[in-house]
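>>> sequence plus the predicted model coming up.
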Amino acid sequence: MTTTRQERPAERTVPVGELGFAGGVVALGVFALVRAGSINEPLTAGSMGPRALPYLVGGALVLSGLAVVAAVLRGHRGEAEHGEDVADDEHTDWRVVGMLVALFLVHVFLIIPAGWPVAATVLFSGSAVVLGAKPWWRAIVIGLLLALVLQASFAGGLGVSLPAGPLLEGVSFLRG
Amino acid sequence: MDSFFALMEGFGTALQPQYLFLALVGVFVGTAVGVLPGIGPAMTVALLLPLTYSLDPTGAFIMFAGIYYGGMYGGSTTSILLNTPGESASIITALEGNRMAKAGRGTAALATAAIGSFVAGTFATVGLTFVAPIAAEWAVKLGPVDYVALMILAFLTVGALLGSSIARGLASLSLGLFIGLIGVDQISGQQRFTFGVPVLGDGIDVVLVAVGLFAVGEALYVGSRLRKGPVEVVPISKGWRNWMTREELRLSWKPWLRGTAIGFPIGTIPAGGADVSTFLSYAAEKKLAKGERKEQFGHGAIEGVAGPESANNAAAAGVLVPLLTLGLPTSATAAIMLVVFQQYNIDPGPQLFSGNAALVWALIASLYIGNLMLLVLNLPLVGLWVRVLQIPRHYLYAGILTFAALGAFAVNRIPADVMILLVIGVIGFFMRRVGYPIAPMVVAMILGPMFEAQLRRALSISQGDPVTLVQSPFAVFVYAALGLVFALSLWLKRRERETEEVLEHLEDDELVSTDERSVRS
């Protein structure tokens, strides 16, 4: 609820993002309708088999996606979400989004080979620096401490074992 | 009277030291996380799920009762003290409370919110105590056809009524249903939309969807448009003597009760939950205010904080009625609570009160306890919450990402889940950009498989005759009510928009006057 949101979206020309997302919804619907036919329908399935709901959902995706496309073309634009920390201008920093996603990917592939504490340090410190933490070494120290505390409390206190990784394998309180 | 004794037994359980401790931890952590900007009640509950993995069911639910109420309360502190309000459920509180804080009455706004939440929470929990067993007794008689009707009601109200655009709400709902379809069909054992990927065979865990959409999606979205510059927190006066003047108390107590009366019933029916009740309460208070007080609305009227805040909390308790008695979540937060139940192989629904009576009553008893703890904790700890509000944003969102990844990994301890979390997070990011509501997707994903099971059961009883779906009197009643709810909600939406327009005008005035003030000071 800020004062800046009225009217402004209408000034932009082609709402590529909005049409793209709605188009994606329609495409997913078409995909669901096509693939639903290839779901095995056992003879014993009775009156309503495993294909019925996929057809229904596929149809709903196509229809609702088309309804959004129609609404957008008629000028009823979506309102980007607001939040406490969201700036009011419409500027999008794609570089930040891309780096955060990349860091998350690195995290996923580090968990097993390097252990959860290392992977979490990379994710936390990297994201913090990308989002503007300075100086960078403080973010790394904080990330490392947080990861170790989480590892110790989850493995030790809560009984949820996280892989400690080759570097920390020998430290007893970090193992689940 | 049975429920009274059952409740006493519940207290007997919940008052044991280890459970009291869990309730305290739940309330404290729930509030602390709920205070964090950008984190609503649903995300609070989703992010804190891993904390309960090692607890017994009773302990887990007692802790979650605390987290649930704490998260609700934390949000209002954020909106009163932060210059940039966010969450939808507490937007009204934000507008009036924030204005009060700027006028130097921030403590009074926090106090009326805290006491109002307590009053509303307590009365609504009493309501829950007496309504739920009756509803459960009646719900036992419902057949699959009736459940199908109730779920259609829940789908359409959550999907079409939440958010500003019906088409976007339904698209979000359908996306949720689609994700719910992925995996092996429980009845026929056939794979659906698994793309031959073994990880998808068991379906996508609800925790991944909830945490992905709420936490990862939010962090990416805020990251893309992060507000630069220092965090501005409205300064508040110290000392408990400043909390509320006699006059402010006199103005507050009626709105507390009215807010409760509005919030609880609205919470129990699937009609949009807390948001609607806060707007209704605000409109009611404004209408009832006389003379000078009416002028005060939009400039920091304490009634405008007391009423909506109570309504919000009463609705939060009301939402538990359909959740516990029918197993129907009507808000995203309730949907995630349902997941907690499912993790312990407990199916909320009419059988819950007979089959798991001890657990349910311990949960309800701990709602009373948690509520009291909130009241005792919150005002004295306000200094701490202010400090929490000032956490540097780069660490806050980095932390949200890290906790989300931890939560996803802890579900099955496979990195593939974290990958799925990321994919869903990216979807959530785009949904926020183009204005799709998130809640319908989460609710639909959880209700979808339940809906399919009931629909199939209904049709196999009738041997495939779809007419059966409208042959139960109760189902017909639900469909009629659905029509009524839609008519009513269109009317409410108009009211809401009118209120918003008035508020926006006021906000423009306010901006001018604060500028003047800052020039003077």
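Cool, got the structure.
>>> can we go C-alpha only for contacts and neighbour counts from here?
OK.
>>> got the phi and psi for the residue nearest to A:Gly78 when sequence neighbours are not counted?
Closest residue to A:Gly78 apart from its sequence neighbours, by Cα to Cα, 6 or more residues apart in numbering or on different chains: B:Gly435 at 4.6 Å. Main-chain torsions, B:Gly435, degrees, to the nearest 10: phi 80, psi 40.
>>> got a list of what B:Gly435 touches?
A:78-81, B:168 (Cα atoms under 8 Å, 6 or more residues apart in numbering or on different chains).
>>> now the two most distant members of the residues you listed.
The most widely separated members of the contacts of B:Gly435, counting by Cα to Cα, are A:Glu81 and B:Arg168 (13.2 Å).
>>> the two: who's more crowded?
Counted by other Cα atoms under 10 Å in any protein chain shown, A:Glu81 and B:Arg168 do not tie: B:Arg168 has more neighbours, with 29 against 20.
>>> surely that one is within a helix?
Yes: assessed with DSSP: H, G, I helix; E, B strand; the rest coil, B:Arg168 lies in a helix.
>>> kindly provide the distance from it to chain A.
B:Arg168 sits 6 Å away from chain A, going by Cα to the nearest Cα, to the nearest Å.
>>> please name the residues that touch that residue.
Counted by Cα under 8 Å, 6+ apart, B:Arg168 has contacts A:64-65, A:68, B:435-437.
>>> again, 6 Å this time
B:Arg168 is in contact with B:Tyr436, counting by Cα atoms under 6 Å, 6 or more residues apart in numbering or on different chains.
>>> and the pLDDT at it?
B:Arg168 carries a pLDDT value of 91.
>>> next, B:Lys290: phi, psi?
Note on B:Lys290: backbone dihedrals following degrees, to the nearest 10 are phi -110, psi 150.
>>> outside of stretch B:205-221, which residues touch it?
For stretch B:205-221, using Cα under 6 Å, 6+ apart, the contacting residues are A:97, B:43, B:46, B:397, B:401, B:408, B:421, B:424-426, B:428-429.
>>> how far does it stretch from start to finish?
23 Å (Cα to Cα, to the nearest Å).
>>> from the chain's centroid, how far away is that stretch?
Its chain's C-alpha centre and that of stretch B:205-221 lie 16 Å apart, by Cα atoms, centre = their mean, to the nearest Å.
>>> kindly report the same for stretch B:353-373.
On the basis of Cα atoms, centre = their mean, stretch B:353-373 sits 18 Å off its chain's mean C-alpha point.
>>> okay, buried residues for that stretch please.
The neighbour-count check on stretch B:353-373 (16 or more other Cα atoms under 10 Å in any protein chain shown) flags B:353, B:357-373 as buried.
>>> pretty sure B:Ser489 is in a strand, no?
No: according to three-state DSSP, B:Ser489 belongs to no strand; its state is helix.
>>> which ones are touching it?
Shown in contact with B:Ser489 (Cα under 6 Å, 6+ apart): no residues.
>>> next one, pLDDT for it please.
On the pLDDT scale, B:Ser489 is placed at 72.
>>> got the residues of chain A near chain B?
Residues of chain A lying near chain B by Cα under 6 Å from any Cα of the partner chain: A:18, A:47-48, A:61, A:64, A:67-68, A:78-81, A:83-87, A:92-93, A:96-97, A:108, A:124, A:127-128, A:131-133, A:158.
>>> name the element the most centrally placed residue in chain A belongs to?
Among the residues of chain A, the one closest to the centroid is A:Val101, at 8.6 Å (Cα atoms, centre = their mean). When elements are assigned from DSSP states H and E, A:Val101 belongs to helix A:94-114.
>>> report the buried residues of that helix.
Taking 16+ other Cα under 10 Å as the neighbour-count basis, helix A:94-114 is seen to contain the buried residues A:96-97, A:99-101, A:103-104, A:107-112, A:114.
>>> contacts for it next, please.
If you take Cα under 6 Å, 6+ apart as the criterion, helix A:94-114 is touched by A:119, A:123, A:127, A:165, B:220, B:224, B:415.
>>> most neighbours, which of the residues you listed?
The most crowded member of those, judged by other Cα under 10 Å, is A:Ser127 (31 neighbours).
>>> so that one sits right up against B:Ala398, yeah?
Yes: using Cα atoms under 6 Å, A:Ser127 is in contact with B:Ala398, at 5.1 Å.
>>> low-confidence stretches in chain A?
A:1-13, A:43-47, A:88, A:90, A:156-160, A:169-176 (pLDDT under 70).
>>> now with 50?
Residue ranges of chain A with pLDDT under 50: A:1-11.
>>> okay, now the domains of it?
A:3-73, A:94-174 (automatic domain parsing).
>>> can you give me the strands in chain B?
Using DSSP state E, the strands of chain B run over residues B:183-184, B:191-192.
>>> nothing else from me, thank you.
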